[in-house]
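> next come a sequence and a model predicted from it.
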Amino acid sequence: MHTNTNYGSNAKEDEMASLVSRRLFLRSTGLTTALGAVVIASACTTEDHQLPGMGDAVELGSGDIGVLNYAYALEQLEAAFYTKVVDSFYAGATDEEKALLTDIRDHEIVHREFFKAALGDKAIKGLTPNFDGIDFSNKAAVLGAAKLFEDTGVAAYNGAGKLIKDPNYLLLAGKIVSVEARHAAVIRDLINPKSADFAGDDIIDMNGFDKAVAPADILAAVKGFVKDTINGASVGK
Amino acid sequence: MDIFKIIDKFQQIDGDAVGRLEYASRRHFMNKVGSKLASAAIPTAFAAIVNKAFAQSAAAIDVLNYALTLEYLEDEFYKGGLAASNLIPASDKAIFMQIGKHESQHVAFLVKALGAKAIAKPMFDFTYKGAFADVFSNYKTFVTVSSALEDTGVRAYKGQAGVLITDPQILEYALQVHSVEARHAAVARRLAATLLAMPAMKGWITGKEGAVPAIYAGEDNMTQGGVNIKGLASKSDAAVTEAFDEPLTKEAVLAIAGPFIKM
């Protein structure tokens, strides 16, 4: 997407382009405001991590391996997010909320470990997430971030489907994306119970379609949540 | 073929899939042919592209008509439920209006996309030959059937992904509908769990848990990508089976849906 031409063409162009595409993504998926700020901020502070080589570029690879690594990267982020949520629940979390968020954490860990095992020595390294912008003690912040991650996950799998060449991998992606969509609906229903928001008009279009977003736009949108630089230019190619 | 002939041809094919056209392709198209002309031609042009894609594969047409059958079924079901007096409590109306709206949109999209190839809407028997006799007078039964239809819809679309692998754009549309059905299913299941006092029934599918057991065959599968993942990451069987939804073949889905359709 060459949106950058509308916004300036100086030395900062690349950086601008990625900012703009992140903004566009957020606007188009209706995930703006508080979280938009989080996503756009490229914070880099103290997280408690972890692996050597932090900050290195991570190459997802090409073809189906690239798609699987792309999914693995997103599942890593989701799993890390919910692990942090469950390790220390926000104030006032109900038993129901705790049970749901724990279930979701377990699903994301299963997804992450499944991809890791399936990829074997072709798997990317463990990523270093950056959740500095999320106030884990605040219910609205946690559920808002969860909504963003789930809707983004759905849009990512939907957009990656057509890049997959092996029907077995396509089916696997299909088995996982509907679970992410169930998460998205439940999180949205926690935020605004008994409303239309579980499949709201902010995310579902006039044809009754969910989002399908290409890897480049998804990676730009989640950039602020990962310390590593992820290169997905060859995913599915 | 020159651009005017192409546009002419596009105009003959109905469609208003404006929303389907992505920003990037619109920009690209405008740059190519000039903004004024292009902006007028875009809606029909895009529908034509969709139509052309549909026309390319007989397998895709079969899948889309199969999808249309299920969407007709869902659409009529929610229309019936929303029209019935004293069925859906006011507190839950917003949920079913939203679900019903999406099913109508899915039908409209598929009918438009298939054009003359679209099958006619069948006649339905929502009592399922008497098994759900009070479906439009007992809210518990209505929600039971809703959860079953949505979960079956998710399984049905998933089962066709492989067939559409050679039709990438149609595959993407199918995936976009598939995840909406899954959103519906999660909410319908949670309503059903409360109404039917089935605490083991969650928004996601634990083992084969569901309000109508017959449609969940195989949901407890733990072999993924050819590997038995029981115990993966030390997670319970419940978590492992919840993490993956399972497909159904067209034959299995039609066997489930059959009693809803009057022959």
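Cool, the structure landed.

> near the residue lying closest to residue A:235 once chain neighbours are set aside, how many other residues are there?
Using C-beta to C-beta, 6 or more residues apart in numbering or on different chains and skipping residues adjacent in sequence, the residue nearest residue A:235 is residue A:66, 3.7 Å away. C-beta coordinates here come from the backbone N, C-alpha and C atoms, glycine included. Residue A:66: 25 surrounding residues under other C-beta atoms under 10 Å in any protein chain shown.

> what strand or helix carries residue A:66?
helix A:63-87 (DSSP states H and E).

> how far does that helix sit from its chain's centre?
8 Å (C-alpha atoms, centre = their mean, to the nearest Å).

> any idea of the mean pLDDT for stretch A:154-169?
Stretch A:154-169 shows a mean pLDDT of 98.

> buried residues in the helix holding residue A:66, which are they?
For helix A:63-87, a neighbour-count test (16 or more other C-beta atoms under 10 Å in any protein chain shown) marks A:64-82, A:84-86 as buried.

> distance of the residue nearest to residue A:235 from chain B?
Counting by C-beta to the nearest C-beta, to the nearest Å, the gap from residue A:66 to chain B is 16 Å.

> wait, isn't that residue in contact with residue A:231?
No - using C-beta atoms under 8 Å, residue A:66 makes no contact with residue A:231, being 9.8 Å away.

> apart from its neighbours in sequence, what residue is nearest residue B:101?
In space, and not counting its chain neighbours, residue B:101 is closest to residue A:208: 7.2 Å by C-beta to C-beta, 6+ apart.

> and the one you found, that one's in a strand?
No - Residue A:208: not assigned to a strand; according to DSSP: H, G, I helix; E, B strand; the rest coil it is coil.

> and what about residue 116, helix, strand or coil?
Picking chain A for this. State at residue A:116, reduced to three classes by three-state DSSP: helix.

> that was the other one, I meant chain B.
Applying three-state DSSP: residue B:116 is helix.

> any idea how far chain A is from it?
Distance from residue B:116 to chain A, by C-beta to the nearest C-beta: 20 Å.

> with residue B:193 instead?
Using C-beta to the nearest C-beta, one gets 11 Å for the distance from residue B:193 to chain A.

> quick check: that residue touching residue B:204?
No - in this structure, residue B:193 is not within contact of residue B:204 by C-beta under 8 Å, at 11.4 Å.

> those two: who's more crowded?
Between residue B:193 and residue B:204, counted using other C-beta under 10 Å, residue B:204 has the larger neighbour count: 27 against 20.

> was I right to think the more buried one contacts residue A:107?
Yes - under the criterion of C-beta under 8 Å, residue B:204 is in contact with residue A:107, at a separation of 7.1 Å.

> stretch A:88-104: how far from the chain's middle?
Here stretch A:88-104 shows a centroid-to-chain-centroid distance of 20 Å under the convention C-alpha atoms, centre = their mean.

> all helices of the chain, in order?
Defaulting to chain A. A:13-29, A:33-40, A:63-87, A:95-119, A:139-160, A:167-191, A:215-222 (DSSP state H).

> oops, chain B please
So, for chain B - with DSSP H - the helices run B:3-12, B:23-33, B:35-56, B:58-83, B:90-114, B:139-160, B:168-195, B:237-242, B:250-257.

> would you mind measuring from the residue lying closest to residue B:89 once chain neighbours are set aside to residue B:86?
Nearest residue to residue B:89 in three dimensions, chain neighbours excluded: residue B:139, at 6.8 Å (C-beta to C-beta, 6+ apart). Residue B:139 sits 9 Å away from residue B:86, taking C-beta to C-beta, to the nearest Å as the criterion.

> those two: which is more packed in?
Per other C-beta under 10 Å, whichever of residue B:139 and residue B:86 has more neighbours is residue B:139, with 19 against 7.

> please report how far the more buried one lies from chain A.
Distance of residue B:139 to chain A, given as C-beta to the nearest C-beta: 14 Å.

> who touches that residue in this structure?
The neighbours of residue B:139, taking C-beta atoms under 8 Å, 6 or more residues apart in numbering or on different chains as the test, are B:87, B:88, B:89, B:195.

> again, only this time at 10 Å
Contact analysis of residue B:139 by C-beta atoms under 10 Å, 6 or more residues apart in numbering or on different chains lists B:81, B:84, B:86, B:87, B:88, B:89, B:92, B:191, B:195.

> now the fifth one: phi and psi?
With angles defined as degrees, to the nearest 10, residue B:88 sits at phi -90, psi 120.

> tell me how many other residues crowd it.
Neighbourhood size, residue B:88 [other C-beta under 10 Å]: 20.

> tell me how far it lies from chain A.
Look at residue B:88 and chain A: by C-beta to the nearest C-beta, they are 12 Å apart.

> how about the fourth one?
Spatial separation of residue B:87 from chain A under the definition C-beta to the nearest C-beta is 16 Å.

> just checking, that residue touches residue B:126?
No - in this structure, residue B:87 is not within contact of residue B:126 by C-beta atoms under 10 Å, at 12.0 Å.

> what do the two both touch?
Listed as contacting both residue B:87 and residue B:126 by C-beta under 10 Å, 6+ apart are B:80, B:81, B:135, B:136, B:141, B:142.
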